[in-house]
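Participant: Pasting the sequence and the predicted coordinates here, then a few questions.
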Amino acid sequence: MLSTVYFDGYVILLFCALMLLSRFVTVVSVQRVIVSSLRELRSGVLEIGRGNLHYKINIDNKDELGQLALAFNAMANNLRSITSSKAELERAMSHLKYAEETIRKDKILLDQTGEIAKLGGWELDVATMNLTWTDETYKIYGVDKSTYEPNYDREINLFSPESKSLIEKAVEDAIAYGTSFDLELEFITGEGVHKITRAIGNTETENEKVKRIYGIFQDITERRQAEDRLKNFISVLAHEMRNPLSPILTEVELLKMRDIPKEDTELKEAIGIIERQTNTMAKLLKDLLDVSRLEKGKVVLAKSNVELSSVIKNAIETTQPIFSHANQILSVSFPPEEIILTGDPLRIEQIVINILNNASKYSGEKTQIELRLEKQGNTAVITVKDQGVGIPPESIESIFGLFSQNETMSRLKGGLGVGLHLSRDLAQLHEGTITARSAGPGKGSEFTITFPL
């Protein structure tokens, strides 16, 4: 009985010892897990503190330490996003600063360009008719920016009567139809100075209504004065040079009347060269005088009923020696019925001569030049087509400017660049037109002259 009691006591003691040992093992294990987690947490905090925001604390426990690790990881993600946004913001600020500096430099350059070119800007608010200017526009008007406030109604009255009508009509059309304009105007500045200006206007629309009109305003007074001086000089020069040509041509005619031996070919050739060059000079001077008179509005057309084919035949007769000298073939096409218009026959003949001369001058030897006359509705159309050097597309319009030539032409043949300008002006006096077409250098040209019937 006693032994049984002792045995039971040993069993109880052994059980208690095992329980204590188990608890100790559990505590030690838990402690190790906690210590490991704390170490991982400490490492993560240090890494994040050093700026390694991509470091992730790996604690899979769902206890307080696990929650703390999740919180630190979330904080690191937020910091990473903030840092990334800050970097993007800094880049954006850097780009903005660069853009502002570029705009500042461009504005300085634009202001300097405007001052040199005497080019100012302006803007008109259509709703309020409030007018604003750039600095250079104040200078053009001769007023002080600090004390002067632009006013549309006041400024419009500074223009000459003709210019005022032009700008008022242009602004009205711009507001009503959204059209742009490019005008030359005369006005009196605040300092009482007469000026010639170029005004360009464009429109900005909103909901199909013109919201504002804006553009540039350029003082071209000095340029116009220089052009006038040049035109006067050309006129005087042409008159002065014309005088000695008459006796030269007279002497040439006298030389031709002499009995020159047939074998003296050099003398005959020399006389021919003198005659051709003198006639060329005479024609150039005549064209210069005509340009000068046209610019001054002194050309008056002697209009009559003109048989166009007869005028063209006269022009062909005048230019035929040029084609013959270059071994060129001129083919002509007339309509079966005569075309009659009201115009100055001599001036129309002059136009055709200039266009034919131009075609021959810039075409090679043994090439063909075609002239065609036809009626298209209520319009007479003369077309001259050649196989010459052609015209670059960008030079199609500029070749009609005074003293203007495309590089290909001037390089090959020289010349003053007067004939086409004069011809277009004379055609416009007849309410007609002259246009040019070309597929490009080396591909020939086609000039079209039109007259209303």
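Facilitator: Perfect, thanks for sending it. Residues are numbered from 1 along each chain as shown.

Participant: can you give me the strands in the chain?
Facilitator: 119-125, 130-133, 181-188, 194-206, 209-219, 304-307, 329-333, 340-343, 368-376, 379-385, 433-437, 446-452 (DSSP state E).

Participant: Which one, of these, ends up nearest to residue 228?
Facilitator: For the strands of the chain, the distance to residue 228 is smallest for strand 194-206, at 10.3 Å, taking Cβ to Cβ. Quick note: C-beta positions are derived from backbone N, CA and C, even for glycine.

Participant: Output the contacting helices and strands for the closest one.
Facilitator: helix 161-177, strand 181-188, strand 209-219, helix 221-257 (3 or more Cβ pairs under 8 Å, 6 or more residues apart in numbering; DSSP states H and E).

Participant: what is the orientation angle of the shortest one with helix 221-257?
Facilitator: The directions of strand 181-188 and helix 221-257 differ by 100 degrees, with axes from the mean of the first three to the mean of the last three Cα atoms, to 10 degrees as the criterion.

Participant: could I get strand 181-188 in PDB with only the CA atoms?
Facilitator: Only the C-alpha atoms of strand 181-188 are listed here, as PDB (Å, rounded to 0.1, in the frame of the first residue of the first chain):
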ATOM      1  CA  PHE A 181      -5.700  91.800 -94.000                       C
ATOM      2  CA  ASP A 182      -2.300  93.300 -95.000                       C
ATOM      3  CA  LEU A 183      -2.400  97.000 -95.700                       C
ATOM      4  CA  GLU A 184      -0.100 100.000 -96.300                       C
ATOM      5  CA  LEU A 185      -1.300 103.000 -94.400                       C
ATOM      6  CA  GLU A 186      -0.400 106.700 -93.900                       C
ATOM      7  CA  PHE A 187      -0.900 108.400 -90.600                       C
ATOM      8  CA  ILE A 188       0.300 111.300 -88.400                       C
END
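
Participant: circling back to that earlier point, so can I have a markdown table of the helices and strands packed on strand 194-206 showing mean pLDDT?
Facilitator: Formatted as a markdown table, the helices and strands packed on strand 194-206 follow (pLDDT from 0 to 100):
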| stretch | mean pLDDT |
| --- | --- |
| helix 161-177 | 92 |
| strand 181-188 | 90 |
| strand 209-219 | 90 |
| helix 221-257 | 77 |
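
Participant: so of those, which one's packed in deepest?
Facilitator: Stretch with highest mean neighbour count among these: strand 209-219 (a mean of 18; mean count of other Cβ atoms under 10 Å).

Participant: Pull the distance from it to the chain's centre.
Facilitator: Centre-to-centre, strand 209-219 and its host chain are 17 Å apart (Cα atoms, centre = their mean, to the nearest Å).

Participant: What pairs with that strand, parallel or antiparallel?
Facilitator: strand 119-125 (antiparallel), strand 194-206 (antiparallel) (DSSP bridges).

Participant: Compute the inter-axis angle for it and helix 161-177.
Facilitator: Counting by the same axes, to 10 degrees, strand 209-219 lies at 150 degrees to helix 161-177.

Participant: thinking residue 135 is in contact with residue 143, fair?
Facilitator: No - with contact defined as Cβ atoms under 8 Å, residue 135 does not reach residue 143; the gap is 11.3 Å.

Participant: among the strands paired with strand 209-219, which is the most enclosed?
Facilitator: Greatest average neighbour count among those goes to strand 119-125 (a mean of 19), per mean count of other Cβ under 10 Å.

Participant: what does the average pLDDT come to for that one?
Facilitator: Mean per-residue pLDDT for strand 119-125: 88.

Participant: contacts for it?
Facilitator: With contact meaning Cβ atoms under 8 Å, 6 or more residues apart in numbering, strand 119-125 is reached by 113-114, 130-140, 150, 152, 171, 211-218.

Participant: Figure out which of the strands of the chain is closest to residue 77.
Facilitator: Nearest to residue 77 among the strands of the chain is strand 194-206 (46.1 Å), distances taken as Cβ to Cβ.

Participant: what's the spacing between the closest one and its chain's center?
Facilitator: From the chain centre to the centre of strand 194-206 is a distance of 16 Å (Cα atoms, centre = their mean).

Participant: can you redo the strands paired with strand 209-219 as TSV with distance to residue 178?
Facilitator: TSV is the format used below for the strands paired with strand 209-219 (distance: least, Cβ to Cβ, whole Å):
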stretch	distance to residue 178
strand 119-125	14
strand 194-206	5
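
Participant: Compare those and give me the one nearest residue 369.
Facilitator: With Cβ to Cβ, the closest approach to residue 369 among these belongs to strand 194-206: 39.2 Å.

Participant: quick check: domain ranges of this structure?
Facilitator: The chain breaks down by automatic domain parsing into domains covering 33-117, 119-219, 239-295, 304-452.

Participant: most tightly surrounded among those?
Facilitator: Of these, domain 304-452 is the most buried (mean count of other Cβ under 10 Å), at a mean of 17.

Participant: so for that domain, what's the average pLDDT?
Facilitator: Per-region confidence: domain 304-452 scores 87 on mean pLDDT.

Participant: check contacts around residue 379.
Facilitator: Residues near residue 379 by Cβ under 8 Å, 6+ apart: 450-453.

Participant: Tell me the one among the residues you listed nearest to residue 160.
Facilitator: residue 452 (31.1 Å).

Participant: Can you give me the distance of the closest one to residue 338?
Facilitator: Distance of residue 452 to residue 338, given as Cβ to Cβ, to the nearest Å: 17 Å.

Participant: ditto for residue 354
Facilitator: 23 Å.

Participant: How about residue 207?
Facilitator: Between residue 207 and residue 338 the distance is 57 Å, computed by Cβ to Cβ.

Participant: next one: residue 449
Facilitator: Going from residue 449 to residue 338 by Cβ to Cβ gives 17 Å.

Participant: Check residue 210 too.
Facilitator: 51 Å.

Participant: who wins for proximity to residue 230 among the strands of the chain?
Facilitator: Across the strands of the chain, closest to residue 230 is strand 194-206 (Cβ to Cβ), at 15.4 Å.

Participant: returning to what we had before: just send the domains of the chain back as CSV, with distance to residue 230 too.
Facilitator: Listed next are these as CSV, based on distance: least, Cβ to Cβ, whole Å:
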stretch, distance to residue 230
domain 33-117, 20
domain 119-219, 15
domain 239-295, 10
domain 304-452, 9
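
Participant: Of all those domains, which one is nearest residue 229?
Facilitator: domain 239-295 (12.2 Å).

Participant: So for this structure, the centremost residue is which one?
Facilitator: residue 394 (11.6 Å; Cα atoms, centre = their mean).

Participant: Now the phi/psi pair for residue 338, please.
Facilitator: Per-residue torsions, residue 338: phi -70, psi 140 (degrees, to the nearest 10).
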